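J.: give me a 3D structure for the following:
(2 chains)
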Amino acid sequence: MRYFLLLFFIFLMLFAFVQRGRVRFFPGFLIIASILAMFFVLNPDYATRIANQLGVGRGSDLLLYFFVMAGLIVFVFMGVAIKKLSDNLTELARYIAIKEAYKNTSE
Amino acid sequence: MNDNIWLVVAAYNEGSVIQAVLKEALQTFSNIVVIDDGSSDDTAEQIKSTSAWYIKHPINLGQGAALQTGISFALNQGAIYISTYDADGQHRVEDVLKMYKLIASQNLDVVLGSRFLGDAIGMSKFKRFFLKCAAFFTNIVSGVKLTDAHNGLRMFSNRAAKIIKIRQNRMSHASEIIDLIGEHRLTYAECPVTIVYTEYSIAKGQRLSNSISILLDHFFSKLHG
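T.: The predicted model follows:
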């Protein structure tokens, strides 16, 4: 299981590296998150030590809270990105619609 | 014949009523633009049989988007005043003329119709209560004091229409317009109007449960800026 997880995070880092020119911030965030994740996979005791320092019981609980927070942040950013896409689509549709405006002059 | 005023009508599957609504309005206003928001019935044919301008969105975008398309078109045509007007027969032509008298005589930026200053024929008590709560909430959030914050009958001056850019495509555009009036400190007044609820318009109207998605739309648009 440990090797499977390591392979997964290596693949994720490579994917993020390839995407770095297309998307801002997110590839960098993925690479850092993957490095941290691989560190904790190889050193599970460190997660528990950090968790105890922060007042959280277990390392796995800390990681769970971290991923819930990260998930919510991604949710908000995705909402904003979708809104921006929607705005662009609307402008395009509006341009086409107005260009093809019609009036019945025989009425 | 009131050439200063452009009526902007957003229509979605209103084939059964739109021709009658337009023919009545065209007796008073020669400048009417109808935005067909991707209707799948015979709305297009009904509109094209009149002398109103016909604009069709290639996909359904929502009433807010349709109104902005109409406003942009009317501004391109040199409109002095622009009135948003419902396609389902709830609004009255005489109320548009009342709003025009008010906006022109007092040199206002915006006049908003109020069914609570005027009349709401056939409105349920629950909807009345809900709309009053919505107006109260909007008053606090936007700073714009209104008795009726979700009335589709509005009139903008040319200047206000250029400033107000509706970006909320769906039903939260109503709140967005109020926010923009407050944000840009536009001068405004309310005008008593009569809203006529019919079985048809009630069936087509938005559900009160849409208020959740309206709030979410508002949240994401504030983040987007």
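
J.: which parts of the helix or strand harbouring residue B:111 are buried?
T.: Taking DSSP states H and E as the definition, residue B:111 sits inside strand B:110-121. Buried residues in strand B:110-121, defined by neighbour count with 16 or more other C-beta atoms under 10 Å in any protein chain shown: B:110-116, B:118, B:120. For the C-beta atoms, the positions are set from N, CA and C on the backbone; glycine is no exception.

J.: ok, stretch B:14-34 next?
T.: For stretch B:14-34, a neighbour-count test (16+ other C-beta under 10 Å) marks B:14-15, B:17-19, B:21-22, B:25-26, B:29, B:31-34 as buried.

J.: tell me which of these is nearest to residue A:21?
T.: Nearest to residue A:21, judged by C-beta to C-beta, of the buried residues of stretch B:14-34 is residue B:33 at 43.3 Å.

J.: phi, psi of that closest one?
T.: Here is the backbone geometry of residue B:33 (degrees, to the nearest 10): phi -120, psi 130.

J.: ok, now the one 4 residues further on?
T.: Here is the backbone geometry of residue B:37 (degrees, to the nearest 10): phi -90, psi 50.

J.: what does chain B have sitting close to chain A?
T.: Contact residues, chain B versus chain A (C-beta under 8 Å from any C-beta of the partner chain): B:33, B:35, B:48-59, B:61, B:65, B:68-69, B:72-73, B:76, B:167, B:169, B:220-221, B:223-224.

J.: where along chain A do the strands fall?
T.: All strands of chain A, identified by DSSP state E, fall at A:102-103.

J.: poorly predicted segments of it, please.
T.: Along chain A, segments meeting pLDDT under 70 span A:23, A:107.

J.: which residues of it lie near chain B?
T.: For chain A, the residues in contact with chain B (C-beta under 8 Å from any C-beta) are A:76, A:79-80, A:82-84, A:86-87, A:89-90, A:93-94, A:96-98, A:100-105, A:107.

J.: buried subset of those residues?
T.: A:79, A:83, A:86, A:90, A:93-94, A:97-98, A:101.

J.: tell me where chain B has helices.
T.: Listed in chain order, the helices of chain B (DSSP state H) span B:18-26, B:43-48, B:63-76, B:93-105, B:125-142, B:158-163, B:173-183, B:199-204, B:211-224.

J.: what's the most buried one of the ones you listed?
T.: With neighbours defined by mean count of other C-beta atoms under 10 Å in any protein chain shown, none of the helices of chain B is more surrounded on average than helix B:63-76, at a mean of 23.

J.: let me know the angle separating that helix from helix B:173-183.
T.: Put simply, helix B:63-76 runs at 50 degrees to helix B:173-183, going by axes from the mean of the first three to the mean of the last three C-alpha atoms, to 10 degrees.

J.: can you list contacts of helix B:63-76?
T.: By C-beta atoms under 8 Å, 6 or more residues apart in numbering or on different chains, the residues outside helix B:63-76 that reach it are A:90, A:93-94, A:97-98, A:101, B:6, B:8-12, B:31, B:33-35, B:37, B:53, B:55, B:57, B:82, B:84, B:156, B:158, B:161-162, B:164-174, B:176.

J.: hmm, try it at 7 Å
T.: Helix B:63-76 has contacts (C-beta atoms under 7 Å, 6 or more residues apart in numbering or on different chains) with A:90, A:94, A:97-98, A:101, B:6, B:8, B:10, B:33, B:35, B:37, B:55, B:57, B:82, B:84, B:158, B:161-162, B:165-166, B:168-171, B:173.

J.: buried residues in stretch A:20-39, which are they?
T.: Within stretch A:20-39, the residues that count as buried by 16+ other C-beta under 10 Å are A:27, A:30-31, A:33-34, A:37-38.

J.: quick one: which of those residues sit in helices?
T.: A:27, A:30-31, A:33-34, A:37-38.
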